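K.L.:
coords please:
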Amino acid sequence: MQSGREVHKTEKKSPVFFWFMGLMEERLPFYLAAILISTVGQAMGRIANAWLVKDIIAAAQERRTEGLAVTVAFNFFLFVVSWLVWRFGIIHYNIEAKHGIAKVEKMVFAKALRLPMEYYEKNHSGDFMSRLTFDVERAGDIYGSRLRRLSAAVISSVVYLIPMFYYSYRLTFCLLAVSLLSFAVNGYFMKPMKRLGGELSAQNGKMMEHLTDILAGMELVKIFPVGKRLLADYEAASENCCQTEKKTNRLSAALESLNCLFDLLGTLAFLGLGIVFLSYGMIGLGELTAVYTIYGTFRYVFLDIGLYLPQMMNCVANAGRLYDFMQMEEEPERYEMPDTEAGKDGTYAVTMEHISFSYEKDREIVKDFSMQVKAGSCVALVGESGCGKSTIAKLLLGFYEPWGGRISICGKSAENASLHEMRSLISYVPQEPYLYGVSIAENIAYGSRSGRPEEVPMEEIIKAAKTANAHEFIMALPDGYQTIPGERGNTLSGGEKQRIAIARAVLKNAPVLLLDEATSALDNESERLVNEALDRVCRGRTTIMIAHRSSTIAMADEVIVVGS
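P.N.:
Have a look, this model is predicted:
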């Protein structure tokens, strides 16, 4: 398997921008149409205003008033219509943009759930958090503002040029040449802005990693001197991010300064050319005023192309990181292992035949391992640290694909069942159970087969808690089953968290119970309470226990030594 590895950038089948826009799917035409409608509506309002100015000056030159009221009324009508069109387009654009951003957020999160465990064990959680927050937010700016502003600048420039050429194509050509010069200078900034955008995204990921390390290991930070080192690493990453931000801001400031300069040059060029064209009778005063009215807006929107294009490239760099993330190999629906007849007659609930596996090529963790667990029996896996006991649990849960051998659970194997089906046959209690920041009742209900806590009757939750020896201590809490155990359950003791995890496994009611050193980190009293719970839970249920404590091993019907 090559799960968790990013596809090399040369394998990209289409430019990142078009891939990102394609994520909107059937809503993309509505999104683009909304941009077009709002832009044309706004531009038509400006043109109607220029037309009105031209007619008023022409009437003043001719010293006539007849028909002027109709002209003003008609132009006002055009202005109102264009405003309504612009407003209609903006409203629908905002709706479609929010839909697009929400879809990207869901897509990235859904992708994270489909990645294999190897990704999370080999990559820092801060990197994923950076992609889910920083990269999604910055890439979402393409939908939210960058594309609209850039597209509006391009479309408006074309729309404004039409009446300008109509009034005086010679003057318009001269003004366009000045604008193209400014655009060429602005385009020089595109490549460094995109590069800095990629650097900023990567550095933000590093900063998030260091911050996650500090928060996750707060106990070590307070107790050991390592806190100063972690803080120094975070500050260094933050400083690198700050320096890149400064470079980006300096480039943006330089770009804005150049745009101000070209704005001044455009105004001077127009005044000079306008005087020349007017003195030679090549344009009338009314037409010159109309061109000036439109050119004032055209100059800004044309410069906006050069301003927004580098900013767009900056956001595209973030979209590129999302593209790489989305190309990571997902966990397959099933592993291609040979079928096995063992266990199909109901004698054996779990069968592992000649299993071999290694996380790295040069260090084999599990080598030619076999075991057969009879239905309803309890088996303890024992062995020295690092011999592969927890790895066997991961292989049973389908977190990794064996290099060789066959696995069967309750008669189902990779040949005739998906990973989801195989996992549904196992209730798992890890060595360090994870509790979510929701009520204890919900934490237990997460073990239900439906995965929807709201559908689990409270009676079933209480029954599972009693079986797990957890009911009494839960009822002693201030809010009982509605108590929030805090992040990762850190307001509860290790034994209390373990019993809630056992209750969660009981509620799932799977035919196979897998315990990964469930009592290894507990004190004697907590161990006694947990063992009492396990004794009740294991009765009549196929149980595989990874253990090293004698009290836990004594509960087993059979002991299998791993790595012997």
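
K.L.:
Which stretches in the stretch 451-564 of the chain count as strands?
P.N.:
512-516, 542-546, 558-561 (DSSP state E, counting those that start in this stretch).

K.L.:
What are the neighbouring residues in contact with residue 475?
P.N.:
residue 481 (C-beta atoms under 8 Å, 6 or more residues apart in numbering). (C-beta placed from N, C-alpha, C; glycine too.)

K.L.:
distance of it from residue 279?
P.N.:
Separation of residue 475 from residue 279 (C-beta to C-beta, to the nearest Å) stands at 96 Å.

K.L.:
same thing with residue 329?
P.N.:
71 Å.

K.L.:
before we move on, what about residue 265?
P.N.:
21 Å.

K.L.:
Over to residue 199?
P.N.:
Residue 199 sits 54 Å away from residue 279, going by C-beta to C-beta.

K.L.:
of those two, who's got more company?
P.N.:
Applying other C-beta atoms under 10 Å to residue 199 and residue 279 shows that residue 199 carries more neighbours, namely 17 against 9.

K.L.:
quick revisit: redo the strands of the stretch 451-564 of the chain as JSON lines? Include mean neighbour count and distance to residue 358.
P.N.:
As requested, these are exported to JSON lines (neighbours: other C-beta atoms under 10 Å; distance: least, C-beta to C-beta, whole Å):
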{"stretch": "strand 512-516", "mean neighbour count": "23", "distance to residue 358": "20"}
{"stretch": "strand 542-546", "mean neighbour count": "25", "distance to residue 358": "19"}
{"stretch": "strand 558-561", "mean neighbour count": "14", "distance to residue 358": "20"}
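
K.L.:
looking at those, which is closest to residue 274?
P.N.:
Shortest distance between residue 274 and the strands of the stretch 451-564 of the chain, using C-beta to C-beta, is found for strand 512-516: 82.1 Å.

K.L.:
Run me through the strand neighbours of that closest one, direction for each.
P.N.:
Sheet partners assigned to strand 512-516 using DSSP bridges are listed as strand 426-429 (parallel), strand 542-546 (parallel).

K.L.:
what pLDDT, on average, does the following helix or strand past the first one get?
P.N.:
If I follow you right, that is strand 426-429. Scanning forward in sequence from strand 426-429 by DSSP states H and E, the next helix or strand is helix 440-445. Mean pLDDT, helix 440-445: 87.

K.L.:
And helix 440-445, what does it pack against?
P.N.:
The criterion is 3 or more C-beta pairs under 8 Å, 6 or more residues apart in numbering; DSSP states H and E, and the helices and strands that helix 440-445 contacts are helix 458-467, helix 494-508.

K.L.:
Contacts made by that helix with the rest, please.
P.N.:
435-436, 453, 456, 458, 461, 464-465, 474, 477, 480-483, 485, 489, 500, 503-504, 507.

K.L.:
which of the residues you listed are buried?
P.N.:
When those are checked for burial by 16 or more other C-beta atoms under 10 Å, the buried set is 435, 453, 456, 461, 464-465, 474, 477, 481, 483, 485, 489, 500, 503-504, 507.

K.L.:
and the helix or strand hosting residue 84, what other elements does it pack with?
P.N.:
Assessed by DSSP H and E, residue 84 sits inside helix 68-114. Packing partners of helix 68-114 (3+ C-beta pairs under 8 Å, 6+ apart): helix 28-62, helix 136-141, helix 285-326.

K.L.:
Need the distance between the two termini of stretch 459-476.
P.N.:
18 Å (C-alpha to C-alpha, to the nearest Å).

K.L.:
Please apply the same query to stretch 106-120.
P.N.:
Stretch 106-120: ends 19 Å apart by C-alpha to C-alpha.

K.L.:
In that stretch, which residues are buried?
P.N.:
By neighbour count with 16+ other C-beta under 10 Å, stretch 106-120 contains the buried residues 108, 111, 115, 116, 118, 119.

K.L.:
and residue 34, what does it touch?
P.N.:
Counted by C-beta under 8 Å, 6+ apart, residue 34 has contacts 89, 90, 92, 93, 95, 96.

K.L.:
Select, out of the helices and strands packed on helix 68-114, the one closest to residue 20.
P.N.:
helix 285-326 (4.4 Å).

K.L.:
Also compute the angle for that closest one relative to helix 28-62, please.
P.N.:
If you take axes from the mean of the first three to the mean of the last three C-alpha atoms, to 10 degrees, helix 285-326 sits at 170 degrees to helix 28-62.

K.L.:
still on that earlier bit, redo the strands paired with strand 512-516 as a markdown table? Include distance to residue 301 and mean pLDDT.
P.N.:
Shown next, in a markdown table, are the strands paired with strand 512-516 (distance: least, C-beta to C-beta, whole Å; pLDDT from 0 to 100):
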| stretch | distance to residue 301 | mean pLDDT |
| --- | --- | --- |
| strand 426-429 | 60 | 86 |
| strand 542-546 | 67 | 87 |
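
K.L.:
CSV for the ones you listed, including distance to residue 535?
P.N.:
As requested, the strands paired with strand 512-516 are exported to CSV (distance: least, C-beta to C-beta, whole Å):
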stretch, distance to residue 535
strand 426-429, 14
strand 542-546, 10
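
K.L.:
of all those, which lies closest to residue 356?
P.N.:
Nearest to residue 356, of all the strands paired with strand 512-516, is strand 542-546, at 18.9 Å by C-beta to C-beta.

K.L.:
Now do that closest one: distance to the chain's middle.
P.N.:
On the basis of C-alpha atoms, centre = their mean, to the nearest Å, strand 542-546 sits 37 Å off its chain's mean C-alpha point.

K.L.:
Tell me which residues are up against it.
P.N.:
The contact list for strand 542-546 (C-beta under 8 Å, 6+ apart) reads 349-350, 373-381, 389-390, 392-393, 396, 511-518, 534, 537, 552-553, 555-556.

K.L.:
mind redoing it with 6 Å?
P.N.:
For strand 542-546, contacts defined as C-beta atoms under 6 Å, 6 or more residues apart in numbering pick out 349, 375-376, 378-381, 389, 512-517.

K.L.:
Looking at these, spot the one nearest residue 149.
P.N.:
Using C-beta to C-beta, those come closest to residue 149 at residue 516, 53.5 Å.

K.L.:
Next up, the contacts around that closest one.
P.N.:
Contacts of residue 516 by C-beta under 6 Å, 6+ apart are 390, 393, 430, 431, 546.

K.L.:
The residues you listed, buried ones only, as a ChimeraX selection?
P.N.:
A single ChimeraX command selects the buried members of the contacts of residue 516 (16+ other C-beta under 10 Å):
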select :390,393,430,431,546
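
K.L.:
quick one on the thing from earlier: would you list the strands of the stretch 451-564 of the chain in JSON lines and tack on distance to residue 385?
P.N.:
Converted to JSON lines, the strands of the stretch 451-564 of the chain look like this (distance: least, C-beta to C-beta, whole Å):
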{"stretch": "strand 512-516", "distance to residue 385": "13"}
{"stretch": "strand 542-546", "distance to residue 385": "11"}
{"stretch": "strand 558-561", "distance to residue 385": "13"}
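
K.L.:
Which of these sits closest to residue 154?
P.N.:
strand 512-516 (59.0 Å).

K.L.:
Export the closest one to PDB, keeping only CA atoms.
P.N.:
The C-alpha coordinates for strand 512-516 follow below in PDB (Å, rounded to 0.1, in the frame of the first residue of the first chain):
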ATOM      1  CA  VAL A 512     -16.000 -10.200  19.000                       C
ATOM      2  CA  LEU A 513     -14.500  -8.000  21.800                       C
ATOM      3  CA  LEU A 514     -10.900  -6.700  21.300                       C
ATOM      4  CA  LEU A 515      -9.100  -5.300  24.400                       C
ATOM      5  CA  ASP A 516      -5.800  -3.600  24.000                       C
END
